[in-house]
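Chemist: give me a 3D structure for the following:
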Amino acid sequence: MEQINSAVTYILSFKPYVMLPLLILLFSLILRIKFKIAVKAALSIGIGFIGIFLVFDYFVRGIGPAAKMIVERTGLQFNVLDVGWPPLASIAWSFKLAPVMILVIIAVNIIMLTFKLTKVINIDIWNFWHLLMVGALVYASTGSITISVISIITAEVLILKIGDFIGPYASRYSGINNITITTLSAGGYFPFGVIGNSLLGKVPFLKNLNANPENIQKKMGLAGEPVIIGFFLGLGLSIAAGYEIKQILELAFTVSAVVMILPLMCRILSEGLIPISDGMKNYMKNKFPGSGETFIGLDNAVLQGDPAVIVTGLILMPIALGLAFVLPGIRFIPIGDLVNIIALSVMIVVATNGNVIRSVIISIPIIIAHLYIASSMAEAFTNLSTNAGFSFPGYDGLITSFFDGGLIIRFWLVKFFEFNIYALSALPAVLLILFFTWKLSRNNSTIK
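Modeler: As a prediction, the model looks like this:
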C-alpha cells in the first residue's frame, strides 16, 4: 500500500503541462491514433499549457502590484490575506486520503461510463484537487473518513453530470468536437450561466443585444477591439493605483499583450486536441456503436483564450475590487486570486455564447458570493494549512482564497455533509437548478 501511495504521489507531483500530455499520449494510443499524430498532439497540448501559464504569470506580475497599491491608497485594513489558489491545491494534495481517492475517482468515472450514467471521460487528473478539497474540509470538521469519502464521490458525480450538460456547448463554442470542462471551480458555474442567460434573454433591452467581441468591434470600430479594451482597462487600473506615466503605459501594454497573446497559446493547445477528439469519436463509433456521444473532460484553460472570456474577466476585476471595498463584512481584498476571475467567467461566457454584457451581469452576484464565502472560510483554510505544515514567511494571520476559497458549489457540499440545516434545506433548490440546466441544455438552440 505504501508503494502505491508513493507511486501515485510521485505521478501527481508532475506539473499539469507534463501530466496532461502524458495522459493524452496514453489515451491516444488506447484510441489507436497513429503514434506520430499522438506524439505531436501531446506536445502541442503541453506547449499550449506552458504558454498559458507563462502569460498568466506575466499578467499576475503586472496586475498584482497595481491591486496592492489600490488597496494601500484606500487606507482600509483587512485581517485576512488572499493567498491565491496554489496553497489550497497543495493542501488538498497533502490530504491523507488523496492517493486512494484518486483511484476511487477514476473507478467511479469508469462505473458511470459502463452504466451510461455519464458521457464524460475525465482525464483532468490535476484538477481532482478540487474534489479532494471538499473531502479535506469535511474530514476536518466531522472527523469521519466515511463522510469525507462520500462527499468527494458526490462532488465527482455532480461535476460529471454538469460536464454532460457542458459538452455540446463547449464543443460548439470552441469548435473542437467532443470536449467538455470538468474543473469543479469553472464547470460548477455553468448552471448559473445557462439559467441566467435564459432569464436575461427575456429582458427587453438585453434580449436582442448581441454583445460578443465581434459585434462590439463592428459597432465601436477601433475602440471595440479586445486589445484596445484591454489597453484602456490597464490604464484605468494603473491610474487608480497612483502610478506615474511610465508605469501607467507599461501596465496598459501588459494587459493589452495578454489579450493578444493568450488566444494564440490556446490555439496551439486546441490544435493538439482536435486529432484526439476526432480519434475518440471514431473509436467510440466503431467499438461501441450504441454508446452515443462521448466527451473528454478537460481543464477550463482550453477556453480561457477566447476574447469574450478575457474581456469579461478584465471588466470584472475592478468590479471585484470595488465590491470588496464597499460590501460590509468582507475580511480580505481579492489580490492573490484576482486574475482567476477569468476562470470564474469561462463557462458563463460559453453559456451566453460569448455575450460579454450578459456574462458580466450574471457574474457579479457570483463574485459577491465568493467574497462572503471566502471570508467565512478563512478559519477553516488557515487550520487546514497549519495542520498540513504550510507556512507563509512574514505572515502568521488568517488566510483565504478569493476564487477557489469562495466556490459556491464546494461551500454547499461541505456544509451539506456537515449536516448544516440551511445547506440541507437548499437541496431542493440545487436539484431544481440542475433540472433546469438539463432542460435548457437538451436543446443547444437556446443559446442566443
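
Chemist: quick one: list the elements packing against the helix or strand harbouring residue 103.
Modeler: Under the criterion of DSSP states H and E, residue 103 resides in helix 98-114. Contacts defined by 3 or more C-beta pairs under 8 Å, 6 or more residues apart in numbering; DSSP states H and E place helix 98-114 against helix 2-12, strand 120-122, helix 129-142, helix 145-174. All C-beta spots, glycine's among them, are computed from the backbone N, C-alpha and C.

Chemist: need the residues that contact the third one.
Modeler: Taking C-beta atoms under 8 Å, 6 or more residues apart in numbering as the criterion, the residues outside helix 129-142 that touch it are 88-89, 91-93, 95, 97-98, 101, 105, 144-145, 147-149, 151-152, 155-156, 159, 183-185, 380, 383-384, 387, 404, 407, 410, 413-414, 417-418.

Chemist: shaky segments in the stretch 201-350 of the chain?
Modeler: Applying pLDDT under 70 to the stretch 201-350 of the chain flags the ranges 213-224, 288-291.

Chemist: returning to what we had before: so for the helix holding residue 103, what gets flagged as buried?
Modeler: Neighbour counts using 16 or more other C-beta atoms under 10 Å place 98, 99, 101, 102, 105, 108, 109, 112, 113 of helix 98-114 among the buried residues.

Chemist: quick one, which of the helices and strands packed on helix 98-114 gets closest to residue 30.
Modeler: strand 120-122 (10.3 Å; C-beta to C-beta).

Chemist: so where do the strands sit in the chain?
Modeler: 80-82, 120-122, 179-181, 295-298, 398-400 (DSSP state E).

Chemist: now these in TSV, with distance to residue 201 and mean neighbour count?
Modeler: Output for the strands of the chain, formatted as TSV (distance: least, C-beta to C-beta, whole Å; neighbours: other C-beta atoms under 10 Å):
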stretch	distance to residue 201	mean neighbour count
strand 80-82	34	22
strand 120-122	27	24
strand 179-181	22	29
strand 295-298	25	26
strand 398-400	35	25
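
Chemist: can I get those strands in CSV including distance to residue 231?
Modeler: As requested, those are exported to CSV (distance: least, C-beta to C-beta, whole Å):
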stretch, distance to residue 231
strand 80-82, 26
strand 120-122, 38
strand 179-181, 29
strand 295-298, 31
strand 398-400, 32
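
Chemist: could you tell me the least trusted of these?
Modeler: For the strands of the chain, the weakest mean pLDDT is recorded on strand 80-82, namely a mean of 86.

Chemist: adjacent strands (with direction) for that strand?
Modeler: strand 398-400 (parallel) (DSSP bridges).

Chemist: and the buried ones among the contacts of helix 129-142, selectable in PyMOL?
Modeler: In PyMOL, a selection of the buried entries from the contacts of helix 129-142 looks like this (16+ other C-beta under 10 Å):
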select buried, resi 88+89+91+92+93+95+97+98+101+105+147+148+149+151+152+155+156+159+183+184+185+380+384+404+407+410+413+414+417
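
Chemist: which ones are touching residue 91?
Modeler: Applying C-beta under 8 Å, 6+ apart, the residues near residue 91 are 133, 136, 381, 384, 385, 388, 390.

Chemist: sorry, back to before: if we only consider the buried residues of helix 98-114, which is nearest to residue 18?
Modeler: Distances from residue 18 to the buried residues of helix 98-114, taken by C-beta to C-beta, are shortest for residue 102, at 16.6 Å.

Chemist: my guess is that closest one meets residue 127, correct?
Modeler: No: here residue 102 lies out of contact with residue 127, judged by C-beta atoms under 8 Å, at a distance of 11.7 Å.

Chemist: tell me how far the nearest residue to residue 164 once chain neighbours are set aside lies from residue 275.
Modeler: Leaving aside its sequence neighbours, residue 164 sits nearest to residue 119 (C-beta to C-beta, 6 or more residues apart in numbering; 5.2 Å). For residue 119, the distance to residue 275 (C-beta to C-beta, to the nearest Å) stands at 20 Å.

Chemist: and what of residue 27?
Modeler: 12 Å.

Chemist: now do residue 42
Modeler: 10 Å.

Chemist: what is in contact with those two at once?
Modeler: With C-beta under 8 Å, 6+ apart, residue 42 and residue 275 have common neighbours residue 28.

Chemist: these two: which is more packed in?
Modeler: residue 42 (21 against 18; other C-beta atoms under 10 Å).

Chemist: measure the more buried one to residue 304 for me?
Modeler: Where residue 304 is concerned, residue 42 sits at a distance of 20 Å (C-beta to C-beta).

Chemist: wait, residue 161 touches residue 434, no?
Modeler: Yes: the criterion here is C-beta under 8 Å, and residue 161 meets it with residue 434 at 7.2 Å.
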